[in-house]
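> Please find the sequence and the predicted model below.
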Amino acid sequence: MKKESIKMLQELCKEMNIKIESLSYGWIFKLSKDNKVRYITGNFDINRTASSKIACDKYGTFEVLKSQDIPIIKHTMVFNPEERKEYIKENEIWDIVYKEFDKEKKVVVKPNYGFEGKGVFLCNTLEETKEAVKFLLNRNTSISICPFYDIKKEYRAFYLNGEILLIYEKEKPLVIGSGKDNVRTLVENLNLPNNDVVKNNLSKIDMDYIPKENEKIELSWKHNLYGGATAKVIDKENKYYEEIEHLAIRSGKALDMTFATIDIINTKNDELYVLEINSGVAASIFSRIVKNGKELTKEVYKKALIEIFK
Ligand SMILES: Nc1ncnc2c1ncn2[C@@H]1O[C@H](COP(=O)(O)OP(=O)(O)O)[C@@H](O)[C@H]1O
Ligand SMILES: [Mg+2]
């Protein structure tokens, strides 16, 4: 758990008269109340094990939701032939890669067990696709190839027991030109997270370029807050709210989740698709960068704590 989440958890436990102890170098949190003991290791121990495992696997989530006619972005499985000999042979990988690239012309390749946008590659050529597949297969048991979707907005819905507690929209990290500052200066004003993903994104951008007034320069094609994307809470006034809420509830139920975040994209053609489901409800960055983010996150965590002690 990230330090903001630990702090929120500790504050909530105090407010709710729950005794909290940190064990095993901070990996385990032991929570006790009314002769009941519960553990938190990275995420709230609330979901069924199988549902939680499926949510951690992007391809598994795809098949489970597809089997229930829920719109989810398309995934094609590529197993690692060394670790999964029974499913695929080395020479068969490239047939899959050629076929998918040929069909889509622009694809996203990603680890099935990834997070924070790490190892998620956008490929515009067959060469790039092959390179990404090779790179990822060296490090992962299985990966997915997805068509590229032109995303207008991405959303995250917090789901608990068939209800949506909160939805926020994500915007890719970008700078807006002033007509006189270069990209470097504009980026400095953004206060981006200091991590490898952000550094890698910035390394591909011409920092000396001076964008025209109001010109938008995107710093990444991904919507991960970890990579500097921004978040804004939306409510029922938003024209997509109800549709997103409805799709998130259907998805959470379809995967038999209790507590989860459900990421949904809206494409430039106004089509909603589930992107992924996370059983570890991470909101540390959200709580830090959004006005009232901490209060909103604590509200969500409080409901989860009530649930685990039920
Ligand atoms: N098929 C796709 N088309 C367009 N963008 C995508 C696609 N898949 C992922 N992305 C972008 O990459 C980001 C990270 O991908 P995601 O599947 O959510 O992996 P992670 O679990 O690492 O966050 C998404 O937030 C989205 O902006
Ligand atoms: Mg994601």
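Thanks, I have it. Since we're looking at a predicted model, the values are computed, not measured. Ligands and ions are numbered 1, 2, ... in the order given.

> OK, contacts around Y241?
167, 234-235 (Cβ atoms under 8 Å, 6 or more residues apart in numbering). In short, each C-beta sits where N, CA and C put it, glycine included.

> Mark which of these are buried, thanks.
Judged by neighbour count, with 16 or more other Cβ atoms under 10 Å as the criterion, the buried members of these are 167, 234.

> Out of the contacts of Y241, which sit inside strands?
Of the positions in these, 167, 234 sit in strands, assigned by DSSP state E.

> Please identify which of the contacts of Y241 is nearest to ligand 1.
I167 (15.2 Å; Cβ to the nearest ligand atom).

> still on that earlier bit, so which of the contacts of Y241 are also by ligand 1?
With respect to ligand 1, and counting by Cβ under 6 Å from any ligand atom, no part of those is in contact.

> For the nearest residue to I88 once chain neighbours are set aside, give me phi and psi.
Once flanking residues are discounted, I88 sits nearest to F79: 4.4 Å by Cβ to Cβ, 6 or more residues apart in numbering. F79 has phi and psi values of phi -80, psi 160 when expressed as degrees, to the nearest 10.

> ok, and for stretch 194-206, which residues are buried?
When burial is assessed from 16+ other Cβ under 10 Å, stretch 194-206 yields the following buried residues: 197-198, 201-202, 205.

> Go through those and say which is closest to ligand 1.
Within the set of the buried residues of stretch 194-206, V197 lies nearest ligand 1; the separation is 9.5 Å, counting by Cβ to the nearest ligand atom.

> want to try a markdown table for the contacts of Y241, with pLDDT and distance to F286 as columns?
Listed next are the contacts of Y241 as a markdown table, based on pLDDT from 0 to 100; distance: Cβ to Cβ, whole Å:
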| residue | pLDDT | distance to F286 |
| --- | --- | --- |
| I167 | 98 | 12 |
| I234 | 98 | 13 |
| D235 | 97 | 16 |
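
> State the mean pLDDT of stretch 278-293.
When the per-residue pLDDT values of stretch 278-293 are averaged, the result is 93.
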